[in-house]
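In: Give me a model of this one.
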Amino acid sequence: MPYFAETHNLGQLIRNSCAHWDEKPAVLNPEKGLYEPISYREYWEKVKSYAAALQSLGLKRGDKINIFSDNAIEWNITDWAAQCLGIVTVPIYPTLPPDQAQFIVENAGTKLIICGSDDLINKVADTGVKTIRLKGVEGSLASIAATATISDEAINEEIDKNNATDLATIIYTSGTTGVPKGVMLSHDNFLSVVQAVQATIPLSNTDIFMSFLPLSHVYERLCGHFLPFGLGATIAPVQNLASIGNDMLKVRPTVMCAVPRFLDAMRSKILDGVTKAPPIRQKLFHAALAQGTAKFVGKSAPLSSVLDKIVGDKIRQKMGGRFRFFVSGGAALPSHVAEFFGAFNILVLQGFGLTETSGGTSFNLPTRNNYKTLGEIILGQEWKIEPDGEICIRGRTVMMGYYNLPEDTAAAIDKDGWFRTGDIGQFEGVSIRITDRKKDLLVLGNGKNIAPQPIENLIKESEYISEVCLIGDGMDCVCGLIIPDFDHLKNFATKQGINFSTDEDLINSEPIKALIKAEVAKVNKKLADFEKVKRHVLINARFSVETGELTPSMKVKRRVVKERFADEIQSMVKG
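Out: So this is what the prediction gives:
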């Protein structure tokens, strides 16, 4: 990029990109489903007006603001405006309950909370911090920005005051245990990933990024916000989660950041659609899937090309017809999901990143997609594996530290700059594979250590199982709490003539119990004896952020699950 050498902070990135790409579409506005283009030049004018609006509200360099809203173009613009002015953005997931949202506001010491709705304002009303709507009403930030102005000279002066090492954002991460901690990320933290990705992955200004993951999370903030602007690419936000299929047809994206849960749900939707097709089309689909999977994993598949033209092309056309690849992150990608999409020549490139490492540390490449690993380390980083298997990372991506938590920071980053990820892993050539979380290891009563996540992922490959949480600390064997996929169970029960009225009836049905037991038994055949899940219970529940079992990035909080389902666990202890 001819202008990138002059980019030392995020304000310079957006200013330089908008000047360089000018009339090229920066964003496709999904309002009313029209997807009208907003050029880079127009986008820059909006950033300037929002910067003026923030200044008019009395905000100064170093102040902190919360953005507490669902995704919106105005969310992105507000963030860019803050970065230009040296204001620190502190996002809050809109799904968080009031007590957690209030904790973030109070802990960060923010001056203004910008909310996406009145309901969200009510969640933080008790903090006493000034709130304002993001858009949609008189007095909102958007309405103030509509008439606010700032000169080019004034905003350029503010932008150029920012240092690469200045604090850009604080992102609170609850992890799977403990009180939320504010991860401090600098301008250079993000720029280091943007630069490394540009130099490594074949992305360019011709790409169209479809955006739907929450901007409150570092993953989408980096890959669906900062990165596309660094490339000169175009961002197309979805209208809503329910409209993704139609939006893909309208926008015809080339790249999409996703999480494994979304990809697996997409896979299930395709498979469900096949069950409603005529028998001949079902046979063609499953033949194409079998041949395509064989080819994808390197086996002989003489009919794959012919079947792909009949079946695979139709699937790709439903995604807009020019899709290049998904980037999968946020959690481990199950192999069967990667292989399903790979069977139809739809690449899923697994990557890895933590909030503490600015959201990007390793990626698979289209030409070297070792999908069972997290890919290759990006430029500007060092990795090492400790004797106990823990992965440690050093480089420009590593956070500044945890906000107001010097002891936690010292525990996470040693004196030589190595960040302890808490992940257990190993190298496979130049690629890295994570086997489990260090703190998630189960220690059986006999002293055997079990890595639960790989086993959980195998069990979740069953179409009848939505979620599983393994426990076993101090116990004589591995036990599992299993949440069924009730939609698939109901279809199975209907076909088998099993009578039921409620979900509770289903999980208490002997044929259903036998079905799930058989699914677990399939996995047990692949495991060492001490790893086998020898007891399990079906639970009529849904894990969620709101009820506390999931982090906002959809990781299971094992501690919370154990507390909530203590009775069910006790029943397995008794055998």
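In: domain assignment for the protein?
Out: According to automatic domain parsing, the chain comprises the domains 4-162, 259-438, 441-573.
In: Compare those and report which one is nearest to residue 193.
Out: Across these, residue 193 has its closest neighbour in domain 259-438 (4.0 Å, Cβ to Cβ). Just so you know, the C-beta spots here come from the backbone N, C-alpha and C atoms, and that holds for glycine as well.
In: quick one: the strands in the stretch 451-575 of the chain?
Out: Per DSSP state E, counting those that start in this stretch, the stretch 451-575 of the chain carries strands over the ranges 465-471, 478-484, 533-538.
In: want to throw those strands into TSV with mean neighbour count and distance to residue 20?
Out: As requested, the strands of the stretch 451-575 of the chain are exported to TSV (neighbours: other Cβ atoms under 10 Å; distance: least, Cβ to Cβ, whole Å):
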stretch	mean neighbour count	distance to residue 20
strand 465-471	22	46
strand 478-484	23	49
strand 533-538	20	55
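In: can you redo these as TSV with distance to residue 268 and mean pLDDT?
Out: Converted to TSV, the strands of the stretch 451-575 of the chain look like this (distance: least, Cβ to Cβ, whole Å; pLDDT from 0 to 100):
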stretch	distance to residue 268	mean pLDDT
strand 465-471	10	90
strand 478-484	13	92
strand 533-538	19	93
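In: Let me have the ones you listed in CSV, extended by distance to residue 431.
Out: Formatted as CSV, the strands of the stretch 451-575 of the chain follow (distance: least, Cβ to Cβ, whole Å):
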stretch, distance to residue 431
strand 465-471, 26
strand 478-484, 28
strand 533-538, 29
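In: Check which residues of stretch 230-241 are buried.
Out: 230-239 (16 or more other Cβ atoms under 10 Å).
In: Please state the mean pLDDT value computed over the strand ranked longest in the chain.
Out: Secondary structure assigned by DSSP state E gives strand 419-428 as the longest strand of the chain. Mean pLDDT, computed over strand 419-428, is 90.
In: I'd like the distance between residue 445 and residue 464.
Out: Applying Cβ to Cβ, to the nearest Å, the value for residue 445 to residue 464 is 30 Å.
In: And the two? Which one has more around it.
Out: residue 464 (18 against 11; other Cβ atoms under 10 Å).
In: Quick check, pLDDT for the more buried one.
Out: The model's pLDDT for residue 464 equals 92.
In: Hmm, it is touching residue 515, no?
Out: Yes. The criterion here is Cβ atoms under 8 Å, and residue 464 meets it with residue 515 at 6.3 Å.
In: who touches both of these two?
Out: 489, 492 (Cβ atoms under 8 Å, 6 or more residues apart in numbering).
In: Name all residues that make contact with the closest residue to residue 414 other than its chain neighbours.
Out: Excluding its sequence neighbours, the residue lying closest to residue 414 (Cβ to Cβ, 6 or more residues apart in numbering) is residue 420, at 7.4 Å. Going by Cβ under 8 Å, 6+ apart, residue 420 touches 386, 390, 392, 411-414.
In: Quick check: the gap between residue 219 and residue 25.
Out: Distance of residue 219 to residue 25, given as Cβ to Cβ: 23 Å.
In: out of those two, which sits in the more crowded spot?
Out: Shown here are residue 219 and residue 25; by other Cβ under 10 Å, residue 219 has more neighbours (23 against 20).
In: Might you report the residue contacts of residue 257?
Out: Contacts of residue 257 by Cβ under 8 Å, 6+ apart are 209, 211, 213, 219-220, 223-224, 326-327, 329.
In: Include secondary structure when you put those into JSON lines, please.
Out: Output for the contacts of residue 257, formatted as JSON lines (DSSP: H, G, I helix; E, B strand; the rest coil):
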{"residue": "209", "secondary structure": "strand"}
{"residue": "211", "secondary structure": "strand"}
{"residue": "213", "secondary structure": "coil"}
{"residue": "219", "secondary structure": "helix"}
{"residue": "220", "secondary structure": "helix"}
{"residue": "223", "secondary structure": "helix"}
{"residue": "224", "secondary structure": "helix"}
{"residue": "326", "secondary structure": "strand"}
{"residue": "327", "secondary structure": "strand"}
{"residue": "329", "secondary structure": "coil"}
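In: Out of those residues, grab the one that's most surrounded.
Out: residue 329 (29 neighbours).
In: Any idea how many residues pack against the nearest residue to that one once chain neighbours are set aside?
Out: Closest residue to residue 329 apart from its sequence neighbours, by Cβ to Cβ, 6+ apart: residue 351 at 4.9 Å. Residues near residue 351, counting by other Cβ under 10 Å, number 24.
In: what about residue 351, which SS state?
Out: Assignment for residue 351 (three-state DSSP): strand.
In: do you know how far it is from residue 339?
Out: 18 Å.
In: before we move on, what about residue 283?
Out: Counting by Cβ to Cβ - residue 283 and residue 339 are separated by 20 Å.
In: More neighbours: these two, which one.
Out: Shown here are residue 283 and residue 339; by other Cβ under 10 Å, residue 339 has more neighbours (18 against 11).
In: what's the helix or strand where the more buried one lies packed up against?
Out: Applying DSSP states H and E as the criterion places residue 339 in helix 335-343. Applying 3 or more Cβ pairs under 8 Å, 6 or more residues apart in numbering; DSSP states H and E, one finds that helix 335-343 contacts helix 260-275, helix 279-296, strand 347-352.
In: Report all helices and strands that the helix or strand following the longest one contacts.
Out: Using DSSP H and E, the helix or strand that directly follows helix 279-296 along the chain is helix 304-307. With contacts taken as 3+ Cβ pairs under 8 Å, 6+ apart, helix 304-307 sits against helix 279-296.
In: as a whole number, average confidence for the helix holding residue 339?
Out: 94.
In: How about stretch 200-208?
Out: 93.
In: Could you list the buried residues of that stretch?
Out: Buried-residue list, stretch 200-208, by 16+ other Cβ under 10 Å: 201, 203, 207-208.
In: Closest one of the residues you listed to residue 361?
Out: Distances from residue 361 to the buried residues of stretch 200-208, taken by Cβ to Cβ, are shortest for residue 201, at 13.3 Å.
In: Distance check, that closest one against residue 99.
Out: 40 Å.
In: Just name the shakiest helix or strand of this structure by mean pLDDT.
Out: Least confident helix or strand of the chain, by mean pLDDT, DSSP states H and E, is strand 449-450 with a mean of 75.
In: strand partners of it, parallel vs antiparallel please.
Out: Here strand 449-450 has these sheet partners by DSSP bridges: strand 442-443 (antiparallel).
In: Check for me that residue 183 belongs to a strand.
Out: Yes. Judged by three-state DSSP, residue 183 forms part of a strand.
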